[in-house]
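In: generate a structure from the sequence data that follows.
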Amino acid sequence: MTDTIEIPGYKAGTWTVDPSHSEVSFSVRHLLISKVKGHFKTFSATFVTGENPLDTKVTATADVASIDTKDENRDGHLRTNDFFDAPTHPQLTFVSTGVRKEGDDWKVDGDLTIKGVTKPVTFDFEFGGFGQDAYGNYKAGFEATTKINRNDFGVSWNAPLETGGVLVGDEVTITLDIQAALQA
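Out: Purely as a prediction, here's the structure:
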């Protein structure tokens, strides 16, 4: 049996992402000296919150074809089988398997599917808060981050560098900056 956790402003219900106030982004080492950052322009998510926040369920998708790293040639390469294979695997998906609190920290566990490979991941979750917008919509804001090894998902293309090392790092940080609206 789990204790019910009280969060000021928390409401049970179904929430959907407000894409104009949200971002699904990632970063990965490039040339081993800096990071390339990108985001997915098209994504969606639904959060079903119970009376107890620990009973929350999350389902989310991001369209691979919408990837944007500010370089059209690189984005085109990322859509190929070398990376995401967008024609065969058009979406990344996440389905939560649990929410937990460790001390003051929140964790959202779930299954992430990339390129047809599903692996468990844990997002570190930080509440931004709750509030009502100018149109009367009740909103929630949060940030969630996780790190994955892209090779675990079959996203393994790389190129050796003349100076040693490789072009693309293995560790990818995924960051979700989300604002969601409670559905009536």
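
In: rest of the way, CA atoms for contacts and neighbours
Out: Fine.

In: shouldn't D170 be in contact with N149?
Out: Yes - the criterion here is CA atoms under 8 Å, and D170 meets it with N149 at 5.4 Å.

In: of those two, who's got more company?
Out: More neighbours surround D170 than the other of D170 and N149, with 18 against 14 (other CA atoms under 10 Å).

In: who's in contact with the more buried one?
Out: Shown in contact with D170 (CA atoms under 8 Å, 6 or more residues apart in numbering): V28, R29, N149, R150, N151.

In: so F83 is in contact with S156, correct?
Out: Yes - counting by CA under 8 Å, F83 touches S156, with 6.8 Å between them.

In: what about those two, which has more around it?
Out: F83 (19 against 16).

In: wasn't that one part of a helix?
Out: No - read with DSSP: H, G, I helix; E, B strand; the rest coil, F83 is coil and lies in no helix.

In: which parts of the chain are helices?
Out: Taking DSSP state H as the criterion, the chain contains helices spanning 72-78.

In: quick check: bridge partners of the closest residue to T93 other than its chain neighbours?
Out: In this structure, T93 finds its nearest non-sequential neighbour in T61, 4.4 Å apart by CA to CA, 6 or more residues apart in numbering. Listed beta-bridge partners, T61: S44, T93 (assigned using DSSP bridges).

In: neighbours of T61, just the number please.
Out: A count of nearby residues for T61, using other CA under 10 Å, gives 20.

In: check contacts around it.
Out: Neighbour list for T61: F43, S44, A45, Q91, L92, T93, F94 [criterion: CA under 8 Å, 6+ apart].

In: that older thread, pick out the lowest-pLDDT one from the contacts of D170.
Out: Across the contacts of D170, the bottom pLDDT score, 92, is held by R29.

In: what is the end-to-end distance of stretch 152-163?
Out: Start-to-end span of stretch 152-163 (CA to CA, to the nearest Å) is 26 Å.

In: ugh, wrong one, stretch 12-22
Out: 21 Å.

In: list the buried residues of it.
Out: By neighbour count, with 16 or more other CA atoms under 10 Å as the criterion, the buried positions of stretch 12-22 are T14, W15, T16, V17, D18, P19, S22.

In: contacts for that stretch, please.
Out: With CA under 8 Å, 6+ apart, stretch 12-22 has contacts from 43-52, 176-183.

In: drop anything exposed from the residues you listed.
Out: Applying a neighbour-count criterion of 16+ other CA under 10 Å, the buried members of the contacts of stretch 12-22 are 43-49, 52, 176-182.

In: least confident of the residues you listed?
Out: Out of those, that is N52, at 92.

In: how about it: what's its closest non-neighbour residue?
Out: Spatial nearest neighbour of N52, chain neighbours left out: T4 (5.2 Å); criterion: CA to CA, 6+ apart.

In: no further queries at this time; thank you.
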